[in-house]
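Enquirer: Quick one: sequence and predicted model below, then my questions.
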Amino acid sequence: DYRTSRSGEHVRDFLRDWRGHLMVDDYGGYKALFQQGVTELACLAHARRKFFELHSAMMNHPVAEEALRRIGELYAIEAEARDDDVAARRLRRQQDAVPKLHALHDWLITQRQTAAPGGGLARAIDYSLKRWPALARYAETGHLPIDNNPCENAIRPICLGKKNWLFAGSERAGQRAAAIQSLLATARLNGLEPLAWLRDTLEKLPAWPNSRIDELLPLRTTAAA
């Protein structure tokens, strides 16, 4: 979607009556959604990044290093469960991840008591503790993700590109760019080569009946012959 600002009203307009689990960062514009039936998930990669940056800046900060080790154990569990079905993954998370999450939470509280107020360690710990229910919620299920990395990887070319594009040209051009980028990202997620799909679609489009336009969407299950 393309909007002129990051206002929370744009997010609410985009999602409308949708209800489900929404993984977001700590941006305040999302908060109203969580009072309207949307369930908040937090990205563990975002929480990890706070400790990683501290560890890099402070030359192997010991507390940050321990936090990274503990978070790494949670990711190791996810790697082991990658090929599990939903039920098996939920069971593995309940048996292995939940105890480690409880231990991590208790450890963070203990470390926060001795962290200098306003310092980098305090900020890193506060980010996780403030959002702890949303961070740990994935482990209650077998289908929710531990982080938002797949989505962030999908939009990274757009985020990098906009530094070079700078201007879309107009509001309508921005909306069109968002639509095109969504189609190309969808093609990639569906295992289709984006340029090949786009070329094929543009060749078919002039004579394609509008009543069957959805058949041209870059979805493997509905791809037109």
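Expert: Perfect, thanks for sending it. Numbers count the residues shown, from 1 in each chain.
Enquirer: Per the annotation, how does this structure divide into domains?
Expert: Domain ranges of the chain: 8-40, 44-147, 150-222, per automatic domain parsing.
Enquirer: Now the terminal residues of the first one, how far apart.
Expert: This means domain 8-40. 15 Å (CA to CA, to the nearest Å).
Enquirer: That one: which residues count as buried?
Expert: Residues of domain 8-40 classed as buried: 11, 15, 22-24, 30, 33, 38, 40 (neighbour count, 16 or more other CB atoms under 10 Å). C-betas here are computed from N, CA, C, even on glycine.
Enquirer: likewise stretch 69-83?
Expert: 70-71, 74, 77-78, 81.
Enquirer: Tell me which of these fall in helices.
Expert: Members of the buried residues of stretch 69-83 lying in helices (criterion: DSSP state H): 70-71, 74, 77-78.
Enquirer: Distance to Ala87 and pLDDT added to those, as TSV?
Expert: Below are these laid out as TSV (distance: CB to CB, whole Å; pLDDT from 0 to 100):
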residue	distance to Ala87	pLDDT
Arg70	26	98
Ile71	25	98
Leu74	20	98
Ile77	16	98
Glu78	16	97
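Enquirer: what about the strands in the protein?
Expert: 21-24, 39-42 (DSSP state E).
Enquirer: what's the closest of the ones you listed to Leu135?
Expert: Comparison of the strands of the chain against Leu135 by CB to CB identifies strand 39-42 as nearest, at 4.4 Å.
Enquirer: Let me see the backbone angles for the residue nearest in space to the middle of the chain.
Expert: Ranked by distance to the mean C-alpha position of the chain (CA atoms, centre = their mean), the top residue is Asn148 at 2.3 Å. Dihedral angles of Asn148 (phi, psi; degrees, to the nearest 10) stand at phi -110, psi 20.
Enquirer: start at 42 instead
Expert: Let's use 42 as the start, then, which means that last one is Asn189.
Enquirer: excluding its backbone neighbours, what's nearest it?
Expert: Distance criterion CB to CB, 6 or more residues apart in numbering; nearest residue to Asn189, sequence neighbours excluded, is Cys84 at 4.3 Å.
Enquirer: Let me know the pLDDT of the nearest residue to Asp67 once chain neighbours are set aside.
Expert: Closest residue in space to Asp67, ignoring its immediate chain neighbours: Arg172 at 6.4 Å, by CB to CB, 6+ apart. Turning to Arg172, the model gives it a pLDDT of 94.
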